[in-house]
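In: A structural model of the following input is requested.
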Amino acid sequence: MNARDTTGRHLKRLRAEGVSVWLRGCPEPGEDGALARLAADWDLRGVTWTVEDVLAAGGGTRFAALRERGHDQARARRGLSALPARAACDALLPRYEASRGRVGLVSADLAPTGAPEQEGLATWWAVDRPNLLVKVPGTPAHLDAVAALVAAGVGVDVTPVFSAAHHERALAALSTGLERAWEANRPLSAISTAVTLPVAPIDRLVDRRLRERGLAAGRYPIGESARAHARLVYHLHEQVTSAPRWQRLASRGAQFPHLVWTEIAPTGHPAHYADSLVGWGVVHAFGRAELASIGTGSALVGDALSGRHITARQDLEALYAFGLSYEELAAELERAWLAADARRWQQVWEGTPGHRSASCPAS
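Out: Below is the predicted model of the structure:
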């Protein structure tokens, strides 16, 4: 059996478990036809990327050209995201329309600014496609912008989120935005939302801290925090979206936010985390290289998230015995991500991009 057959079979099994698969990575210029074929062949439900992926797809050259034409930073940064986003949205628009807005989404990175609401609106109108999601950080300082953008009818992907508490606050901001949109007579069914949670960075940081405190490799709780975090987040997601507030929004036509797992294959073996992140209604975001080997070494056994929040809390509480706090480590990851993201965009503007991914801080 070749790799393509293995991938196809594994994706079919994931779909049977209620998992949608998105492609992680920005398409290269002129690749919209290939993206549409790939989405059709493997039933990919969306695309998501960061500035790193844009650069890998030749964005650095495009950005330099925009800068040489005299564009200021804000306009050049917007163009860097808007051009591939529009092409990707067009490639997936038939799937979006056929599903009434549930699939065929494109989540594109925003340049960090002091005014995320204005930047989000500017990017939304620069792309001008209904299946666009603009990424907004899931920090407390950005949640007002999340609510304002959703209220204006803009699709939003709250990312990154590194803790269950911040996930809950992100859902609250999305619901606030949808309530305001309803009050403004906007059709809620036309507003797509998502919350994206990187998985691997949690274990990388926690395990490093544990080793610094003398814990040997392979000893509990090394390697347990990211999966525990995912189980806790999934339980909270189910609770919040089944509560009266979200059910009232759903009765008015609102779609539930997508729960997107990303950075789930840190060693090049997708099964390392993917098998532990299976639950009804979640999204797995894979890069193309990961898709090619997605079924290799997998032991997919079904739902790995539902009803497992009690052991998840126990695994995370075990960190306190080593002087570590899940919430404080999540806040550290958040700060590191914001700093790395801002640094990356500045390096792009200066024409000296580094090699560390802004989406993988504290590695």
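In: Distance of residue 216 relative to residue 224?
Out: Distance from residue 216 to residue 224, counting by Cβ to Cβ, to the nearest Å: 15 Å. Where you see a C-beta, it was placed from the backbone N, CA and C, and this is true even at glycine.
In: now do residue 293
Out: Per Cβ to Cβ, residue 293 is found 25 Å from residue 224.
In: Quick one: residues contacting residue 142.
Out: 116, 136 (Cβ atoms under 8 Å, 6 or more residues apart in numbering).
In: My read is that residue 260 contacts residue 157, right?
Out: Yes. Counting by Cβ atoms under 8 Å, residue 157 is a contact partner of residue 260 at 7.4 Å.
In: overlap in contacts of those two?
Out: In terms of Cβ under 8 Å, 6+ apart, residue 260 and residue 157 are both contacted by the residues 48, 107, 194, 195, 196.
In: Show me the two of these that sit farthest apart.
Out: 48 and 195 (11.9 Å; Cβ to Cβ).
In: what's the overlap in contacts for those two?
Out: The contact lists of residue 48 and residue 195 share 157, 260, where a contact means Cβ under 8 Å, 6+ apart.
In: Counting neighbours, which bits of whichever strand or helix holds residue 335 end up buried?
Out: Following DSSP states H and E, one finds residue 335 within helix 326-350. Buried positions in helix 326-350, judged by neighbour count with 16 or more other Cβ atoms under 10 Å: 326, 329-334, 336-338, 340-341, 344-345, 347-349.
In: next SSE after the one helix or strand residue 284 maps to?
Out: Assigning secondary structure by DSSP H and E places residue 284 in strand 282-286. Going down the chain from strand 282-286, the next helix or strand is helix 288-292, by DSSP H and E.
In: Downstream of that following helix, the next helix or strand is which one?
Out: Next along the chain after helix 288-292, taking DSSP H and E as the criterion, comes helix 309-317.
In: other SSEs contacting that next one?
Out: helix 225-242 (3 or more Cβ pairs under 8 Å, 6 or more residues apart in numbering; DSSP states H and E).
In: buried stuff in the helix or strand just after the helix it packs on?
Out: Sequence-wise, the next helix or strand downstream of helix 225-242 (DSSP H and E) is helix 244-251. If you call a residue buried by 16+ other Cβ under 10 Å, then helix 244-251 has these buried ones: 246, 249.
In: Just want the angle from helix 244-251 to helix 225-242.
Out: Between helix 244-251 and helix 225-242, the angle formed by their directions is 70 degrees, by axes from the mean of the first three to the mean of the last three Cα atoms, to 10 degrees.
In: circling back to that earlier point, tell me which of residue 216 and residue 224 has more neighbours.
Out: Using other Cβ atoms under 10 Å as the criterion, residue 216 and residue 224 rank with residue 224 on top: 19 against 8.
In: And the more buried one, how far from residue 198?
Out: 17 Å.
In: again, but for residue 152
Out: 27 Å.
In: more neighbours, the two?
Out: The neighbour count for residue 152 versus residue 198, taken as other Cβ under 10 Å, is higher for residue 198 (23 against 18).
In: how many other residues sit next to the closest residue to the more buried one other than its chain neighbours?
Out: Excluding the flanking residues, the one nearest residue 198 by Cβ to Cβ, 6 or more residues apart in numbering is residue 263, at 4.2 Å. For residue 263, the neighbour count with other Cβ under 10 Å is 23.
In: Tell me, what's the model's pLDDT at the nearest residue to residue 137 once chain neighbours are set aside?
Out: Spatial nearest neighbour of residue 137, chain neighbours left out: residue 338 (6.4 Å); criterion: Cβ to Cβ, 6+ apart. What the model reports as pLDDT for residue 338 is 89.
In: Equivalent analysis for the one 4 residues further on, please.
Out: Confidence per residue is given as pLDDT, and for residue 342 that number is 84.
In: Phi and psi next, for the residue nearest to it when sequence neighbours are not counted.
Out: Here the nearest residue to residue 342 in space, its sequence neighbours aside, is residue 112; by Cβ to Cβ, 6+ apart that works out to 4.7 Å. Residue 112 has phi and psi values of phi -70, psi 130 when expressed as degrees, to the nearest 10.
In: show me the contacts for residue 112.
Out: If you count contacts by Cβ under 8 Å, 6+ apart, then residue 112 has 137, 338, 341, 342, 345 around it.
In: can you redo those residues as JSON lines with distance to residue 166?
Out: Formatted as JSON lines, the contacts of residue 112 follow (distance: Cβ to Cβ, whole Å):
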{"residue": "137", "distance to residue 166": "10"}
{"residue": "338", "distance to residue 166": "13"}
{"residue": "341", "distance to residue 166": "16"}
{"residue": "342", "distance to residue 166": "19"}
{"residue": "345", "distance to residue 166": "22"}
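In: which one of those is nearest residue 84?
Out: Nearest to residue 84 among the contacts of residue 112: residue 345, at 15.9 Å, using Cβ to Cβ.
In: Report the separation between the spatially closest residue to that closest one that is not a sequence neighbour and residue 341.
Out: Leaving out its chain neighbours, the residue that sits closest to residue 345 by Cβ to Cβ, 6+ apart is residue 111, at 5.2 Å. Residue 111 is 9 Å from residue 341, where distance means Cβ to Cβ.
In: Can you pull the residues that touch both of these two?
Out: By Cβ under 8 Å, 6+ apart, residue 111 and residue 341 have these common neighbours: residue 51.
In: the helices in the stretch 101-250 of the chain, which residues?
Out: Taking DSSP state H, counting those that start in this stretch as the test, the helices found in the stretch 101-250 of the chain are 116-127, 143-151, 164-183, 200-212, 225-242, 244-251.
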